[in-house]
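In: what's the 3D shape of this:
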Amino acid sequence: FQASRRHLTSLLKTVVTTMTLIWPLAIVLIGMVYLVGANERSKDLGVLRALAAEIAEREKAEERIRHLSSFPELNPNPVLEVDATGTIKYCNAAATAVFAHSGVDDGYRAFLPADLSVILLALAQNKETKFQREVQVDGAIFSETIQVLPTFNALRIYAFEITRAKQAQEALHESEEKYR
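Out: Numbers count the residues shown, from 1 in each chain. Got it, this is the predicted structure:
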C-alpha cells in the first residue's frame, strides 16, 4: 500500500509541477486567442466604420449634386444646352413653358441664334468665350448669353425675356422722333 501511495504522491507532484508550468502558458494562450479575436473584431469594426463614412460621403455628394442641378432647373428664365452638332441636349422647365405656350413645332430651335455655325466654330476651336444675341420666339424677344464651354463640348444658352423693355425703348424712340 505504501508503494502505491508513494507512487500516487509522486504522480500528484508531477501533475502539480506540470500544471504550475502549463497553467500560465494556458492563460497566455487563451489571452492571445482573445486578442487575435479582438483584433479581428476591431478590423471588422474599422471596415464597418470606413464603409459608413463612405456611404455618408456619397450621400453628401449626391445631395450636393441635387442642389446644384436645381439651379438651372428652377431658373425662371429659359436655359438650354446645345452640343457641338447643334443638337439641343437640355431645356429647363422655363424653356419648356415658353414652347408649350407658343404651339410652335420644334420651338426649342427658335432659341438658337441665326449665326449658330459661327458660335459652334468657336467651340470647335476650343475657345471659351461668350456671345450676346437677341432672338424672337413666338412674338417674345429674348436676350441671350451664349457661353461656349469646350470642357463640356457644349454651348449653354441663358435667355431673358426683354419684350417689354424693347417695346418701351421703341415707344421712347418714336416719341423722340415725333417731338423733334
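In: And residue 164, how far from residue 140?
Out: As judged by CB to CB, to the nearest Å, residue 164 and residue 140 stand 10 Å apart. Where you see a C-beta, it was placed from the backbone N, CA and C, and this is true even at glycine.
In: Tell me how far the longest helix seen in the chain lies from the chain's centre.
Out: Counting residues, the longest helix found in the chain (DSSP state H) is helix 2-74. Offset of helix 2-74 from its chain centre (CA atoms, centre = their mean, to the nearest Å): 38 Å.
In: for that helix, what is the average pLDDT?
Out: Averaging pLDDT along helix 2-74 yields 78.
In: packing partners for the very next helix or strand once past that helix?
Out: The first helix or strand that comes after helix 2-74 along the chain, using DSSP states H and E, is strand 79-83. When contacts are defined as 3 or more CB pairs under 8 Å, 6 or more residues apart in numbering; DSSP states H and E, strand 79-83 sits against strand 88-91, helix 93-102, strand 154-161.
In: Tell me which of the ones you listed sits most buried.
Out: Neighbour counts (mean count of other CB atoms under 10 Å) averaged over each of the helices and strands packed on strand 79-83 peak at strand 154-161, with a mean of 20.
In: Strand partners (parallel or antiparallel) of that strand?
Out: Taking DSSP bridges as the criterion, strand 154-161 forms sheet pairs with strand 79-83 (antiparallel), strand 140-149 (antiparallel).
In: Report the angle between it and helix 93-102.
Out: 60 degrees (axes from the mean of the first three to the mean of the last three CA atoms, to 10 degrees).
In: buried residues in stretch 162-174?
Out: By 16 or more other CB atoms under 10 Å, the buried positions in stretch 162-174 come out as residue 162.
In: Please compute how far that stretch lies from its chain's middle.
Out: 42 Å.
In: which residues sit against that stretch?
Out: Residues outside stretch 162-174 that contact it (CB atoms under 8 Å, 6 or more residues apart in numbering): 134, 139-143.
In: Flag the least confident of those residues.
Out: Lowest pLDDT of these: residue 139, 84.
In: Find the residue at the geometric middle of this protein.
Out: A centroid search over the chain (CA atoms, centre = their mean) returns residue 65, at 3.4 Å, as the residue closest to the centre.
In: quick one: that residue and residue 58, what's the gap?
Out: 10 Å.
In: if I pick residue 91, what's in contact with it?
Out: 78-80, 99, 108.
In: Among those residues, which one has the most neighbours?
Out: Compared across the contacts of residue 91, residue 78 has the highest neighbour count, 25 neighbours, by other CB atoms under 10 Å.
In: Nearest spatial neighbour of that one, chain-adjacent residues omitted?
Out: residue 95 (3.6 Å; CB to CB, 6 or more residues apart in numbering).
In: you'd agree the one you found is up against residue 76?
Out: No. With contact defined as CB atoms under 8 Å, residue 95 does not count as touching residue 76 (10.9 Å).
In: Sweet, I'm off.
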